[in-house]
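In: Got a predicted model here, sequence first, then my questions.
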Amino acid sequence: METTRTAAALVIGNELLTGKIQDLNIAVLAKELFGLGVELRRVVMCGDEVEVIAADLNLLRSDHDVVFTSGGVGPTHDDVTVRAVARAFNVGVVRSRRIEALLRGYLGDRCTQDHLRMADIPDGADLVSSESVQWPTVRMGNVYVLPGLPEVFAMKMATVRAHVVGGAPFVSRSVPTSSDEGAIASLLETLVDRFPGVAIGSYPRWGDGPVRVTVSFDGRDAAAVERAAAAFVAALPPDQLVAEPGV
């Protein structure tokens, strides 16, 4: 039986904890890992404090195969993630000549010593990249250090796909219904018992549209996922099945 590889994410930034900025990166990461067959099991959010980040990171990396950090890798005083990763691994911080050259080439005469802080990496870290992404990603042990800027974070997913070892991809099937959650709760419990290898989720919607609850079926065994979804459809009154646009 295949062993499931697990992942966790550490999202860093005071601006997230105060509601100034909304995180957009975890949904992107979760989708990538799902496609790779890696199970994202935990997400932690913390502020810009070296000791807190290091402590959270040590807990996550000891319990998961791979960990991703998001945020805190810019040139300003509150970008402390690299120092925190170094603290977690009990190493120093060094200047990467490769990243420094990229920064100088990109910024030209505008490059300052503060900009070059973005070339600092934990001592012993690897720089990994992919064919489509020139800028390397810092990897320290089983920890990938990613930026918080959503556009750059999404770009870095090509590197994740190139370097993160996964398993058999997950298969997903969704069934939109006009049912009430309470009306189908017992049915879903029965299906959970019948199909132990399939993760079944129930997601209600609020509004005036025809879909009130979407039920999802996820697993590595495509046949089992289809059987579970088919069993749900067969047990549901036909008038409670909703065909969404494009489905």
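Out: Thanks, I have it.
In: Can you pull out the low-pLDDT segments for this protein?
Out: In the predicted model, the chain carries pLDDT under 70 at residues 1-2, 244-247.
In: can you map out the strands along it?
Out: For the chain, the strands defined by DSSP state E cover 5-12, 38-46, 66-70, 93-95, 120-122, 126-130, 133-140, 143-146, 171-177, 199-204, 213-219.
In: Give me the number of neighbouring residues for residue 158.
Out: Applying other CB atoms under 10 Å, we find 16 residues neighbouring residue 158. In short, each C-beta sits where N, CA and C put it, glycine included.
In: now swap in residue 95 and tell me
Out: Neighbour count for residue 95, taken as other CB under 10 Å: 11.
In: now the most centrally placed residue in the chain: how far from residue 81?
Out: Compute the mean C-alpha point of the chain, and by CA atoms, centre = their mean the closest residue is residue 29, 2.8 Å away. Applying CB to CB, to the nearest Å, the value for residue 29 to residue 81 is 16 Å.
In: Now residue 48: phi and psi?
Out: phi -90, psi 70 (degrees, to the nearest 10).
In: Excluding chain neighbours, what is closest to it?
Out: Using CB to CB, 6 or more residues apart in numbering and skipping the chain neighbours, the partner closest in space to residue 48 is residue 78 (4.4 Å).
In: Quick check, the one you found in contact with residue 14.
Out: Yes. Contact criterion CB atoms under 8 Å: residue 78 and residue 14 qualify, at 6.8 Å.
In: shared neighbours of the two, which are they?
Out: Taking CB atoms under 8 Å, 6 or more residues apart in numbering as the criterion, residue 78 and residue 14 both touch residue 48.
In: which residues sit in contact with residue 18?
Out: For residue 18, the contact set (CB under 8 Å, 6+ apart) is empty.
In: This protein: helices as residue ranges?
Out: 14-17, 25-36, 50-63, 81-89, 97-107, 150-155, 157-163, 181-194, 222-235 (DSSP state H).
In: Let me have those helices in a markdown table, extended by distance to residue 118.
Out: Formatted as a markdown table, those follow (distance: least, CB to CB, whole Å):
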| stretch | distance to residue 118 |
| --- | --- |
| helix 14-17 | 18 |
| helix 25-36 | 18 |
| helix 50-63 | 17 |
| helix 81-89 | 9 |
| helix 97-107 | 6 |
| helix 150-155 | 11 |
| helix 157-163 | 16 |
| helix 181-194 | 47 |
| helix 222-235 | 43 |
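In: what's the most buried one of these?
Out: Neighbour counts (mean count of other CB atoms under 10 Å) averaged over each of the helices of the chain peak at helix 81-89, with a mean of 23.
In: now for it, which elements pack on it?
Out: Other helices and strands packing on helix 81-89, by 3 or more CB pairs under 8 Å, 6 or more residues apart in numbering; DSSP states H and E, are helix 50-63, strand 93-95, strand 120-122, strand 133-140, strand 143-146.
In: try 6 Å this time
Out: helix 50-63, strand 120-122 (3 or more CB pairs under 6 Å, 6 or more residues apart in numbering; DSSP states H and E).
In: hang on, isn't the residue nearest to residue 48 packed against residue 47?
Out: No. Using CB atoms under 6 Å as the test, residue 78 is too far from residue 47 to be in contact (9.0 Å).
In: Could I get the contacting residues of residue 198?
Out: Residues near residue 198 by CB atoms under 6 Å, 6 or more residues apart in numbering: 217, 219, 224-225, 228.
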